[in-house]
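Visitor: Structure of the sequence below:
(chains A, B, C and D)
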Number of protein chains: 2
Amino acid sequence: MKKVKISDAVVRRLPIYLRFLTELHNQKIKTVSSASLGQKLDMNPAQIRKDLAYFGEFGQKGVGYDVDFLIDKIRNILKLNQQIYVALVGAGNLGRALCNYNMYLKDNMKIVAVFDAGDSKIGERINDLIVQPMAELRQTIAERAIRIGIITVPADEAPTVAKQFADAGVEAILNFAPVKIRLPKEIRVHNADFTTELQSLAFYLDE
Amino acid sequence: MKKVKISDAVVRRLPIYLRFLTELHNQKIKTVSSASLGQKLDMNPAQIRKDLAYFGEFGQKGVGYDVDFLIDKIRNILKLNQQIYVALVGAGNLGRALCNYNMYLKDNMKIVAVFDAGDSKIGERINDLIVQPMAELRQTIAERAIRIGIITVPADEAPTVAKQFADAGVEAILNFAPVKIRLPKEIRVHNADFTTELQSLAFYLDE
DNA sequence: TAGATTGTTAATCGATTAACAATC
DNA sequence: TAGATTGTTAATCGATTAACAATC
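Guide: Numbers count the residues shown, from 1 in each chain, chains lettered A, B, ... in the order given. The predicted structure follows:
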């Protein structure tokens, strides 16, 4: 495992492999080939083999990949083998939806703190979480070893929140606000803005 | 404007340009160069010029781009110059969040119908929308000229919903469920799955 | 005119796919 | 052994960036 630079395109495919492999695991399927994976995921088998080969030799020639073994490997690559704590800022509808989402039950990612800038929401309950004021963000992140921040505030507030996350020592941010977040490049920012997503969809409408 | 194939990468950048140009418009800024756009958006100016040039000659040499003119052009390219109706299936937290979102107030995209498979939610009110049973999907989509479908149901139900959307004549789908949707390729599917997004973020954590 | 900036071609860079020797 | 499938190299394809003539 040398220090080859892994492209973002490769990294983004790993969760997709993981997801499908987990499905195979649930179906008690023990082994899978890149050909059959490729067929199910609508991807080129060579690409799948190459993606995996960046991280090691996980397959067996003439046989394919052991499903459970590969799941374990990908989880390790994605660092999902450890518990990762997440904080969310913005207790609006979207924020609440994410908190409620059971996704974090698997995959060792868990939203453990919610913040909001507006007084009205402080103290509100979202499942087992209580909405905290922004003033507590820094300390909570430090205390609870929170490493990822999710931003679900309106666009105009998002850059400030991002800054606060960064100052508090968060390592990565998932931004749902439709705005460009500018942070030092040590901090990874992914965008999940569905306005953009919807608008680019419109391009493909027929007329 | 020949029949050059426009790459998806280009199309996905157009909404980003549009967003920033709208900001400039609000600030009463009349003209912008690819250089300053590039600086603000952290993109290569040549790329911006090239992207725009696929669709026409929108700039003026020595001057730059007229903000309002360019906004209009991009809106036309993205087909946002017409009212586009959207239906949503899955009245859970995420679905409600999207319905509440005011994004559709601008940009002529509007969620005009919500459906859910579970009896319990039928008849519930989300703003000015009433949750309808799946049995009404087909007819409502036809009657109201709905062209885009949003899927916010659990992964196991998503493929069925996608099929129903397709059969009802929807032209494009935005899928929030963490599952691969397979449809005839005339129907454009974009994925907005934040589980995947979060997992690939984890890769970039420090250790 | 001089300075600025586009539109576009050519050069570069990176990602995907094909092909195949190695080997289970 | 014969068939299957990997890991990897080489070929292809596509996207980004640099460079610059055209021109406002």
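Visitor: just for chain A, where's the confidence low?
Guide: Residues of chain A that meet the criterion pLDDT under 70 lie in A:1-3, A:102-107.
Visitor: care to break it down by domain?
Guide: Listed domain ranges for chain A are A:8-77, A:84-197 (source: automatic domain parsing).
Visitor: Distance of the residue lying closest to A:Gly64 once chain neighbours are set aside relative to DNA strand C?
Guide: Distances taken as Cβ to Cβ, 6 or more residues apart in numbering or on different chains put A:Ser33 closest to A:Gly64, at 3.8 Å, once the chain neighbours are dropped. For the C-beta atoms, the positions are set from N, CA and C on the backbone; glycine is no exception. Remark: distance between A:Ser33 and DNA strand C (Cβ to the nearest atom of the strand, to the nearest Å) = 12 Å.
Visitor: ok, A:Ser33 touching A:Val67?
Guide: No. Counting by Cβ atoms under 8 Å, A:Val67 is not a contact partner of A:Ser33; they are 11.0 Å apart.
Visitor: Settle it for me: which of those two has more neighbours?
Guide: Using other Cβ atoms under 10 Å in any protein chain shown as the criterion, A:Ser33 and A:Val67 rank with A:Val67 on top: 21 against 16.
Visitor: Chain neighbours aside, what residue packs nearest to the more buried one?
Guide: Once flanking residues are discounted, A:Val67 sits nearest to A:Leu24: 5.0 Å by Cβ to Cβ, 6+ apart.
Visitor: Tally up the residues packed near the one you found, please.
Guide: 20.
Visitor: Leaving aside the residues adjacent along the chain, what's closest to A:Leu174?
Guide: Spatial nearest neighbour of A:Leu174, excluding adjacent residues (Cβ to Cβ, 6+ apart): A:Ile150 at 4.8 Å.
Visitor: For my notes, confirm the one you found occurs in a strand.
Guide: Yes. A:Ile150 forms part of a strand when assessed by DSSP: H, G, I helix; E, B strand; the rest coil.
Visitor: how many neighbours does it have?
Guide: Neighbour tally, A:Ile150, other Cβ under 10 Å: 28.
Visitor: Is it correct that it is in contact with A:Ala87?
Guide: Yes. At 7.1 Å, A:Ile150 and A:Ala87 qualify as touching, with contact defined as Cβ under 8 Å.
Visitor: sorry, back to before: please give me every residue in contact with the residue nearest to A:Gly64.
Guide: Applying Cβ atoms under 8 Å, 6 or more residues apart in numbering or on different chains, we find A:Ser33 in contact with A:45, A:64-65.
Visitor: next one: A:Glu124
Guide: Residues in contact with A:Glu124 (Cβ under 8 Å, 6+ apart) are A:91, A:130-131.
Visitor: at 6 Å instead, please
Guide: For A:Glu124, the contact set (Cβ atoms under 6 Å, 6 or more residues apart in numbering or on different chains) comprises A:Val131.
Visitor: Please tell me how far it sits from A:Pro159.
Guide: Per Cβ to Cβ, to the nearest Å, A:Glu124 is found 25 Å from A:Pro159.
Visitor: DNA strand D is nearest to which of the domains of chain A?
Guide: domain A:8-77 (2.8 Å; Cβ to the nearest atom of the strand).
Visitor: other SSEs contacting the helix or strand hosting the residue nearest to A:Val67?
Guide: Applying DSSP states H and E as the criterion places A:Leu24 in helix A:8-26. When contacts are defined as 3 or more Cβ pairs under 6 Å, 6 or more residues apart in numbering or on different chains; DSSP states H and E, helix A:8-26 sits against helix A:67-77, helix B:194-203.
Visitor: Can you say which of these is packed in most?
Guide: Among the helices and strands packed on helix A:8-26, helix B:194-203 has the highest mean neighbour count (mean count of other Cβ atoms under 10 Å in any protein chain shown), at a mean of 23.
Visitor: Check whether that one comes near chain A.
Guide: Yes. Helix B:194-203 is in contact with chain A by Cβ under 6 Å from any Cβ of the partner chain, via B:194-203.
Visitor: got the CA positions of that helix in CSV?
Guide: Output of helix B:194-203 as CSV, limited to C-alpha atoms (Å, rounded to 0.1, in the frame of the first residue of the first chain):
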residue,chain,number,x,y,z
PHE,B,194,-26.1,11.4,2.1
THR,B,195,-25.1,8.1,3.6
THR,B,196,-22.8,7.6,0.7
GLU,B,197,-21.7,11.2,1.0
LEU,B,198,-20.9,10.9,4.7
GLN,B,199,-19.1,7.6,4.3
SER,B,200,-16.8,9.0,1.6
LEU,B,201,-16.1,11.9,4.0
ALA,B,202,-14.9,9.5,6.6
PHE,B,203,-12.1,8.4,4.2
